[in-house]
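> How does the following fold in three dimensions:
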Amino acid sequence: MKQLVTPKQVAQAIGVSESSLKRWCDKGLLPTVRTAGGHRRMAVDAVIQFLRTNGQPMVRPEVLGLPSTTGQGHTMVDRARDQMTDALAAGDEEQCRRIVFDLYLSQHRASDICDQVLAGALHQIGDRWECGELSIYRERRGCEIALRTLYELRSAVPTPGPTMPLAIGGTLAHDPYKLATTMVELALCEAGWRAESYGTMLPAETLCEALRDTRPRLLWLSVSAFASPAELLSDCAQLYVTAAECGAALAVGGRALDESLRQQMRYSTFCDTLRHLVTFVDTLKSVAAR
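Numbers count the residues shown, from 1 in each chain. Take a look at the predicted model:
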């Protein structure tokens with residue numbers, strides 16, 4: 001369920017009078033719903049979209065559940081990755097949330113925030129851990145903070161309606177990494193797809209069953225780890241055939257896939273970044289429309 005807030009709370013958050021806010025609602029600038037008692041309420045994600053579109057500053061972002069310093073600084077993408085790396089290494093969750101929402105409210109796409117900031121920061125964290133510069137618990141803590149931040153950002157992205165195309169995905173058996181598939185789900189939702197990540201450690205057979213049951217337009221696989229190349233190639237071949245039978249495209253990506261593996265795999269598209277994936281699914285929507 002979406003988090004709902006009152007007109008008074010929104011007015012406090014952005015520093016305007018409640019009467020001004022209600023006029024915006026009456027003009028349709030801010031969508032509202034009515035409670036059983038007839039009281040007006042607003043979904044937090046709709047409020048955030050209004051703020052993004054209109055560049056409206058906030059004076060009390062904590063009223064909407066955002067970090068108290070959100071919107072009070074100017075976060076640049078080229079500096080945000082290093083800031084995010086330091087915040088994740090230090091376990092500063094509030095700073096991580098502020099960086100992400102400052103960027104999002106500045107009209108940066110969630111997919112670009114994931115590609116350019118979160119993914120880059122997590123790679124730097126992983127490199128520090130492998131080099132012995134960062135202890136294991138700090139690396140794991142950083143991953144958990146990043147995951148919670150992604151979930152919070154997902155709640156701010158509008159949910160596509162029931163008529164929008166469906167995409168499903170996750171990771172195969174022996175791959176426990178959840179961050180990448182969560183980023184894919186977020187990017188596809190932002191692109192207007194009903195995206196459903198089924199999580200990690202999924203046998204190929206159960207994904208084939210999901211394809212037959214749900215009939216999606218897209219199946220994605222995030223590959224960060226695998227047991228053997230032979231098993232991975234066999235699973236991908238099975239999924240590619242089943243996806244084709246069900247009218248779905250198969251999108252594959254992940255840090256574990258090198259060029260030699262890619263040349264042997266069967267897929268509809270390989271995506272190095274979320275932007276590549278969003279570009280591909282836009283072509284799928286265009287084909288479906290024609």
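
> Spit out the contact partners of the spatially most central residue of the chain.
Note on the chain: the residue nearest the mean C-alpha position is Leu186, at 2.3 Å, using C-alpha atoms, centre = their mean. For Leu186, the contact set (C-beta atoms under 8 Å, 6 or more residues apart in numbering) comprises 110-111, 114, 150, 153-154, 157, 195. Every residue, glycine included, has its C-beta placed from N, CA and C.

> One more: Ser234?
So Ser234 contacts Ala204 (C-beta under 8 Å, 6+ apart).

> Please report the distance of it from Glu245.
Counting by C-beta to C-beta, to the nearest Å, the gap between Ser234 and Glu245 amounts to 17 Å.

> His108 and Val77 touch, don't they?
Yes. At 6.6 Å, His108 and Val77 qualify as touching, with contact defined as C-beta atoms under 8 Å.

> what about the helices in the stretch 1-150 of the chain?
For the stretch 1-150 of the chain, helices defined by DSSP state H, counting those that start in this stretch occupy the ranges 7-14, 18-26, 44-54, 77-90, 93-105, 110-113, 119-130, 136-156.

> what's the angle between the last one and helix 119-130?
With axes from the mean of the first three to the mean of the last three C-alpha atoms, to 10 degrees applied, the angle from helix 136-156 to helix 119-130 works out at 170 degrees.

> Any chance you could list what contacts helix 136-156?
By C-beta under 8 Å, 6+ apart, helix 136-156 touches 2-3, 44-45, 48-49, 88-89, 91, 93, 96-97, 100-101, 104, 110, 113-114, 118, 121-122, 125-126, 128-129, 178-179, 182-183, 185-186, 189.

> ChimeraX command to pick out the buried ones of those?
Applied in ChimeraX, the following selects the buried portion of those according to 16 or more other C-beta atoms under 10 Å:
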select :44,45,48,49,88,89,93,96,97,100,101,104,110,113,114,118,121,122,125,128,129,178,179,182,183,185,186,189
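
> end-to-end on stretch 178-197?
9 Å (C-alpha to C-alpha, to the nearest Å).

> I'd like the average pLDDT over it.
The average pLDDT within stretch 178-197 is 97.

> ditto for stretch 49-61
82.

> what distance separates the start and the end of that stretch?
End-to-end distance (C-alpha to C-alpha), stretch 49-61: 14 Å.

> Is Leu103 in contact with Leu118, as I believe?
No. Using C-beta under 8 Å, Leu103 is not in contact with Leu118, being 10.1 Å away.

> For Val252, which three-state class applies?
Following DSSP: H, G, I helix; E, B strand; the rest coil, we place Val252 in the strand state.

> Burial check on Gln124, number of neighbours?
Counted with other C-beta atoms under 10 Å, residues neighbouring Gln124 total 19.

> Quick check: pLDDT value at Met1.
Reported pLDDT for Met1: 44.

> what about His108 and Val77, which has more around it?
His108 (18 against 15).

> What's the separation between that one and Ala251?
As judged by C-beta to C-beta, His108 and Ala251 stand 23 Å apart.

> What of Val59?
Taking C-beta to C-beta, one finds Val59 at 42 Å from Ala251.

> For those two, indicate the residue with more neighbours.
Ala251 (25 against 12).

> Okay, and the beta partners of the more buried one?
Trp220, Thr269 (DSSP bridges).

> check contacts around it.
Here Ala251 is in contact with 169, 218-221, 267-271, 277, 280-281 (C-beta under 8 Å, 6+ apart).

> Same check on Gly15?
Applying C-beta under 8 Å, 6+ apart, the residues contacting Gly15 are 57-60.

> if you set the cut-off to 6 Å instead, what comes out?
Gly15 makes contacts with Val59, as judged by C-beta atoms under 6 Å, 6 or more residues apart in numbering.

> So what does it look like in phi/psi?
Note on Gly15: its backbone torsions stand at phi 70, psi 40 [degrees, to the nearest 10].

> Also Ala167?
Taking degrees, to the nearest 10, you get phi -130, psi 140 for the backbone angles of Ala167.

> which ones are touching it?
So Ala167 contacts 188, 193, 195, 216, 218 (C-beta under 6 Å, 6+ apart).

> Who is it paired with across the strands?
Bridge pairing for Ala167 - DSSP bridges - gives Ala195, Leu218.

> From what I see, Ile99 and Ala80 are in contact.
Yes. Here Ile99 reaches Ala80: they are 5.4 Å apart, a contact under C-beta atoms under 6 Å.

> Between those two, tell me which one has more neighbours.
Using other C-beta under 10 Å, the more surrounded residue of Ile99 and Ala80 is Ile99, with 26 against 22.
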